[in-house]
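J.: coordinates only, sequence not included:
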């Protein structure tokens, strides 16, 4: 089971305050679908943000694999991260 | 308003142009003579990107009117290298990475050349104050000042 | 990715002359305003003199009748945009973006564009602007972020409802969003602190201050195709947004990247290109639009003003036990402040188990708030570094010791979730700790300040093409505009992989129809992500060469290895073949399968965060309040410096901008909401005589996510200077100041008040 962590905001908004989940998922697409089944509407919001799998931030994640012992964080998008 | 006919010397060559009384020397260089090496960063004499020498004196070409040029002589960045050989300041700026975006570079080179012609052995402080009329937002001036001081030393050594 | 560990580089890490250098020292390089097409017209933009007003009417008839005027446009010429965020476009709201480029019903800031003309000369264009009659109904305005958040503040938009609050608001508000991220329980953990410092800070809006004003030339042809020459941090961004805003198809638009005269984030969004296109279309002639410096200050995308509260608690031994920050960031007239990254980066250099960052963003009657180098982070960092310095003073502890003791490192969990991989924070701290500057005695009125900073660095989408000519020389192309010397880095990386001389590699930035998509040059991503694309495209060439040589030698491809620009037998089985150079292989390309073209198109993950630690000495004149920066040293982890001179240049340039932010720079508004210092005389950026030499120390803790270990370098150097300068001034004067910039009158007042 991979450990999934939502931001406080998403947890509060969609998951009744819960932010930590252990889920059996193989990749990001499956994870987002699973969460959206659990908390309808969250999927679209999650896809707008960034993700870190095992501490590596991934832009535009989709089919990136999730290992059984992976730790996955959904992050706010690094919006405005537009420096030089 | 009708345009005025002006005869001047630009980079050692006689030129004639028609000039609106409102046009600056910078406008004339860039738009009438296609010498776009001098840049417009502010058109108020604050940034120095349009630096040229007018009858041997360093000026901001945005603060000179095109109609003031009758009978006068201007040197721009386009005439700094002789043939295929770069001016020592140009060469040093390249070697010392004294440019990043390069937009302020023509102005700095023209101003630095004027400095070394006036004072072949400037101190760091003298170089910094002479070049205080040229704004650079990329480099923090460190490599520019080093390049100017090193070129001065090289040019003194080669004389 | 592997294959380069422990390799001794031949080109990477050297300091050759940049490929675009000669053009730039001779004046030959073409920037946005240098393009001059046959029949080209001059475009000019009319801008609002009011901070907030309804547009009652716009009468352009007199301007249209003026001889020499070829086109006049207003907001009505722009297609209506659906109000809403389009997915996949980084949260761009096209309704807002279109309304910013040309106001429709309301002007929202002094400088907001309301109409534009194209004429046969600049003088005629300016006269035409004066003939456009705009009737306004002036509305109350608000510029300060704290005032904008008040319930009774003048409302800018009726379609903004604060996100991130419970319950969902029913009334519109200037507050765009509330965000929060937390680790542990800081409120409880503060009870374990022996010392707590809590301070409030205010900072002013500042401008990126690139010397080249925005410039674009547009040409429209009868079949609906359009060409744009412009200076931007992303010509693909210009294409995408022009297409969306004018309801065109992307492939109809070809954007040519001019050289760019500085950006620092300010050229990562669109301002004038759609206007130039509409004018060119209406006038049926090419149109050049160049902003004046006044327009750049009033009508581009400066960085936000802020209001910040930070509270940090520590044990007597200096261990930090809890920290909280509330970061209120000004947006411009439309949402877009960098409060997210500000919250994420604020506490980045420190390992904290109990920490909370809360952010608010509020729209105000000032220009669009857009990115400026490490967007948001310098301000939140300034507040955190100031409070931390004060804690060190209260504990009578060395400010370096408290930072090393609590420094984040591999495995530290960040407030936004994930843990750090290998990073160079402690290495930077220790490099500064052992620097000789610490041994220089300070005189009267002098102070030494220290600060650390963090930036994520970004990856993302990049494309690259490597073409090998018949003589074995290489032309390489990417779609990433080169602001600070990235073409040199691209050429170095290609030379390294191909094994040929740097002088045989010529890099160019391709236009939108010539090369694959690249995201904007931002977030310190180009040398990392576009560099990775160049490495992969070069590896593609190497593989193709090995395959062709395998055919010639009639062996398996594994029997051919690549070393130093030559194909060699990998072992005895390959036979006794003489090495073949890239030039020899290229010369036979026609017979072995055609041209050698290598390409890569990637979405790069694995960006490695950067840390920087700065120390500086200042002297404060007690008579005038003027601050002189005496010495400045900056250490930064570059991962791997591809061209060290340009890494140093990024560090030195970031420091200079940060010093300006700390001491001089601010947007000054009058009571009427108009900007009072829209020129370089009154908005004073640091000049050569304001600064000392800046000692830049490069450390290299390789980023495991890049084949050569590259991290980004452009952002983090602007994060620590605000804190470092403020801490130095606090120690020089004995007074802790919390309002930036630290101008002489403010410093004098603070010194006098403390007496």
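T.: Yes, it's here. Note that the structure is a prediction, hence the values are computed from the model and not measured.
J.: and the residue of chain B found nearest chain A, what element?
T.: At 8.9 Å from chain A, residue B:138 is the closest residue in chain B, using C-beta to the nearest C-beta. Heads up, the C-betas are built off the backbone N, CA and C, glycines and all. Residue B:138 is part of no helix or strand, with elements assigned from DSSP states H and E.
J.: so it sits right up against residue B:97, yeah?
T.: No: with contacts counted by C-beta atoms under 8 Å, residue B:138 stays clear of residue B:97, the gap being 10.7 Å.
J.: what sits in contact with each of those two?
T.: Counting by C-beta atoms under 8 Å, 6 or more residues apart in numbering or on different chains, the contacts common to residue B:138 and residue B:97 are residue C:649.
J.: what kind of secondary structure is whichever residue of chain B sits closest to chain C in?
T.: Going by C-beta to the nearest C-beta, chain C is nearest to residue B:37 of chain B, at 1.9 Å. Residue B:37 falls in the coil class when you classify it by DSSP: H, G, I helix; E, B strand; the rest coil.
J.: That one: neighbour count?
T.: The number of residues packed near residue B:37 is 26, by other C-beta atoms under 10 Å in any protein chain shown.
J.: can you tell if stretch B:15-35 touches chain C?
T.: Yes: Stretch B:15-35 is in contact with chain C by C-beta under 8 Å from any C-beta of the partner chain, via B:20, B:22, B:27, B:30, B:31, B:34, B:35.
J.: ok, which stretches of chain B are strands?
T.: B:4-10, B:13-19, B:51-54, B:57-60, B:73-75 (DSSP state E).
J.: Would you tell me which residues of the stretch 101-250 of chain C are close to chain B?
T.: C:121, C:122, C:123, C:208, C:209, C:210, C:211, C:212, C:213.
J.: Mind doing that once more with 10 Å?
T.: C:121-124, C:126, C:207-213, C:215, C:231 (C-beta under 10 Å from any C-beta of the partner chain).
J.: For the residues you listed, which single residue is the most surrounded?
T.: Busiest of those [other C-beta under 10 Å] is residue C:231, holding 31 neighbours.
J.: Give me the phi and psi angles of the closest residue to that one other than its chain neighbours.
T.: Sequence neighbours aside, residue C:32 is the residue nearest to residue C:231 in space, at 3.4 Å (criterion: C-beta to C-beta, 6 or more residues apart in numbering or on different chains). Here is the backbone geometry of residue C:32 (degrees, to the nearest 10): phi -50, psi -40.
J.: again with residue C:622
T.: phi -70, psi -20.
J.: and it, what is it in contact with?
T.: Residues counted as contacts of residue C:622 (C-beta atoms under 10 Å, 6 or more residues apart in numbering or on different chains) are C:444, C:445, C:732, C:733, C:747, C:748, C:751, C:752.
J.: For the stretch 151-300 of chain C, what lies in contact range of chain A?
T.: Counting by C-beta under 10 Å from any C-beta, the stretch 151-300 of chain C sits next to chain A at C:163-166, C:168, C:177-182, C:208, C:210, C:233-234, C:237, C:262-269.
J.: Mind doing that once more with 8 Å?
T.: So the stretch 151-300 of chain C meets chain A at C:164, C:166, C:179, C:180, C:181, C:182, C:233, C:263, C:264, C:265, C:268, C:269 (C-beta under 8 Å from any C-beta).
J.: Can you tell me which of those are buried?
T.: C:164, C:179, C:180, C:181, C:182, C:233, C:263, C:264, C:265, C:268, C:269 (16 or more other C-beta atoms under 10 Å in any protein chain shown).
J.: Between which two of these is the distance greatest?
T.: C:182 and C:263 (34.3 Å; C-beta to C-beta).
J.: what sits against residue C:281?
T.: Counting by C-beta under 8 Å, 6+ apart, residue C:281 has contacts C:220, C:226.
J.: Could you look up the SS state of residue C:190?
T.: Going by three-state DSSP: residue C:190 is helix.
J.: one step back: could you check which of residue B:138 and residue B:97 has the larger neighbour count?
T.: residue B:138 (32 against 27).
J.: For the residue most central in space within chain A, what are phi and psi?
T.: The centroid of chain A falls nearest to residue A:74 when counting by C-alpha atoms, centre = their mean (3.6 Å). Per-residue torsions, residue A:74: phi -90, psi 130 (degrees, to the nearest 10).
J.: Lowest average confidence across helices and strands of chain A, where is it?
T.: helix A:8-14 (a mean of 81; mean pLDDT, DSSP states H and E).
J.: which residues sit against it?
T.: Outside helix A:8-14, the residues that reach it (C-beta under 8 Å, 6+ apart) are A:6, A:17-19, A:39, A:41-42, A:45-46, A:74, A:76, C:164, C:166, C:179-182.
J.: and if you look at stretch C:699-709?
T.: Against stretch C:699-709 from outside (C-beta under 8 Å, 6+ apart): A:56, C:1-4, C:9, C:12, C:421-424, C:427-428, C:431, C:459, C:493, C:496, C:528, C:531-532, C:535, C:605-608, C:635-642, C:710-711.
J.: And the lengthiest helix in chain A, what does it pack against?
T.: Secondary structure assigned by DSSP state H gives helix A:28-38 as the longest helix of chain A. With contacts taken as 3 or more C-beta pairs under 8 Å, 6 or more residues apart in numbering or on different chains; DSSP states H and E, helix A:28-38 sits against strand A:2-5, strand A:20-23, helix A:42-48.
J.: Now with 10 Å, please.
T.: Contacts defined by 3 or more C-beta pairs under 10 Å, 6 or more residues apart in numbering or on different chains; DSSP states H and E place helix A:28-38 against strand A:2-5, helix A:8-14, strand A:20-23, helix A:42-48, strand A:50-53, strand A:71-75.
J.: circling back: same list (the residues of the stretch 101-250 of chain C next to chain B) but as CSV, adding secondary structure, pLDDT and distance to residue C:159.
T.: Output for these, formatted as CSV (DSSP: H, G, I helix; E, B strand; the rest coil; pLDDT from 0 to 100; distance: C-beta to C-beta, whole Å):
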residue, secondary structure, pLDDT, distance to residue C:159
C:121, coil, 95, 41
C:122, helix, 94, 38
C:123, helix, 93, 41
C:124, helix, 96, 39
C:126, helix, 97, 35
C:207, coil, 98, 28
C:208, coil, 98, 29
C:209, coil, 98, 33
C:210, coil, 98, 32
C:211, coil, 98, 37
C:212, coil, 98, 35
C:213, coil, 98, 32
C:215, strand, 98, 33
C:231, coil, 94, 33
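J.: For the residue in the stretch 1-150 of chain C that chain B sits nearest to, list the residues it contacts.
T.: Scanning the stretch 1-150 of chain C for the residue nearest chain B gives residue C:27, at 1.9 Å (criterion: C-beta to the nearest C-beta). Shown in contact with residue C:27 (C-beta under 10 Å, 6+ apart): B:35-39, B:76-81, B:102, B:105-107, B:109-110, C:34.
J.: Can I have the buried ones of those residues as a ChimeraX selection?
T.: Filtering those down to the buried ones (16+ other C-beta under 10 Å) takes a single ChimeraX command:
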select /B:35,36,37,38,39,76,77,78,79,80,81,102,105,106,107,109,110 /C:34
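J.: Sort out which of the contacts of residue C:622 are buried, if you could.
T.: C:445, C:732, C:733, C:747, C:748, C:751.
J.: what's the last one in contact with, if anything?
T.: Applying C-beta under 10 Å, 6+ apart, one finds that residue C:751 lies in contact with C:445, C:620, C:622, C:625, C:733, C:734, C:735, C:737.
J.: which SSE is it in?
T.: Using DSSP H and E, residue C:751 falls in helix C:744-754.
J.: pLDDT of that helix, averaged?
T.: What helix C:744-754 shows for mean pLDDT is 96.
J.: So what touches stretch B:148-159?
T.: By C-beta under 10 Å, 6+ apart, stretch B:148-159 touches B:87-93, B:95-96, B:98, B:108-109, B:111-113, B:115-116, B:119-124, B:126-128, B:130-131, B:141, C:688.
J.: which of these count as buried?
T.: B:87-93, B:95-96, B:98, B:108-109, B:111-113, B:115-116, B:122, B:127-128, B:130-131, B:141, C:688.
J.: Take those residues and keep only those in helices.
T.: Per DSSP H, helices hold the following members of these: B:88-93, B:95, B:108-109, B:111-113, B:115-116, B:127-128, B:130.
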